[in-house]
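Enquirer: what would the 3D arrangement of this be:
(one chain, ligands or ions: 2)
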Amino acid sequence: MKPKVVRRYDKKIVVPEGGVIDSGESPGRKIRMPGMEHMVERVLISRGCLSKRIRTLAREIVRDYRRAESIQAIAILKGAAIFSADLIRTIFDLNGPPMGIDFIRASSYRAETESSGKVEILDALTDNIAGKDVLIIEDIIDTGLTLNDIKNYILRHQGVKSLRICSLLDKPSRRKQPIEIDYIGFEVPNYFVAGYGTDYAEHFRNLPFVVVLKPSILEGKS
Ligand code: IMP
Ligand code: MG
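Expert: Ligands and ions are numbered 1, 2, ... in the order given. Presented below is the predicted three-dimensional model:
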């Protein structure tokens, strides 16, 4: 398959069905994961595309927070662990303001691919974020239920100075609750994706790229 051209509109990158792949990488490349290869359909967003996009997001964040004393990042575990680690270091490389980093662990998915619609805060914040300029970092926004709950939880418990949201991936076609996202890495089609922090039943988080899983796996027909 030939690499597809990345389309940009209003600061968004919309991933076409075929994916966004750097030259030199192949969407059909074999993923070496013993016992798991059969679950993966293809690479959707390559490693190079991820790192280029993260640099652009970091540049926008540094620009928007240039007057802030610091940025209080809140990464949503487990999915945003990998993305947030790369993003905050890139913000440093681009001479961003000092950063604090805290985590919230929330769960709505469990081992399923459909959101239960009920979000549970499993591990809460430990830092005092009152008066801070907060940046929530998320892996993927699907129905919007998780992030809306987390946002309300933060606003209810802490008097923050400002609150912005950065998500690596966005699946707007599945939205059930509207949510304003300030920084979006890639808008993706309605696929179940995994890799670069996102999982399917706790697998694939360690892939350095994003893949599409085979629909037959998700229907339990493997
Ligand atoms: P939402 O509440 O439906 O927006 O779900 C958000 C959470 O579900 C994300 O933070 C992910 O952890 C998970 N999720 C949603 N879509 C996918 C996917 O395609 N692959 C892996 N995880 C997903
Ligand atoms: Mg998540």
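Enquirer: after the helix or strand bottoming out on mean pLDDT in the chain, which helix or strand is next?
Expert: The least trusted helix or strand in the chain, going by mean pLDDT, DSSP states H and E, turns out to be strand 7-9, with a mean of 42. The element immediately downstream of strand 7-9 (helix or strand, assigned by DSSP states H and E) is strand 12-14.
Enquirer: distance between that next one and the chain's centre?
Expert: Its chain's C-alpha centre and that of strand 12-14 lie 14 Å apart, by Cα atoms, centre = their mean, to the nearest Å.
Enquirer: helices or strands up against it?
Expert: Using 3 or more Cβ pairs under 8 Å, 6 or more residues apart in numbering; DSSP states H and E as the contact test, the elements touching strand 12-14 are strand 7-9, strand 183-187. Every C-beta, even on glycine, is put in place using the N, C-alpha and C of the backbone.
Enquirer: and the contacts of the last one?
Expert: The reference is to strand 183-187. Outside of strand 183-187, the residues within contact range by Cβ atoms under 8 Å, 6 or more residues apart in numbering are 11-15, 20, 45, 50, 53-54, 57, 60-61, 83, 164-172.
Enquirer: among the residues you listed, which ones are in helices?
Expert: For the contacts of strand 183-187, membership in helices holds for 50, 53-54, 57, 60-61, 83, with DSSP state H as the criterion.
Enquirer: residue numbers of the chain in contact with ligand 1?
Expert: Within reach of ligand 1 by Cβ under 6 Å from any ligand atom, the chain has these residues: 79, 108-109, 115, 138-146, 192-194, 198-199.
Enquirer: now these: which count as buried?
Expert: Buried residues within the residues of the chain next to ligand 1, defined by neighbour count using 16 or more other Cβ atoms under 10 Å: 79, 108-109, 115, 138-146, 192-194, 198-199.
Enquirer: among those, name the ones in strands.
Expert: The members of those that map onto strands under DSSP state E are 138-141, 193-194.
Enquirer: including pLDDT and distance to I129, could these go into CSV?
Expert: Written out in CSV, the entries for these read as follows (pLDDT from 0 to 100; distance: Cβ to Cβ, whole Å):
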residue, pLDDT, distance to I129
E138, 97, 16
D139, 97, 20
I140, 97, 23
I141, 95, 21
V193, 96, 30
A194, 96, 30
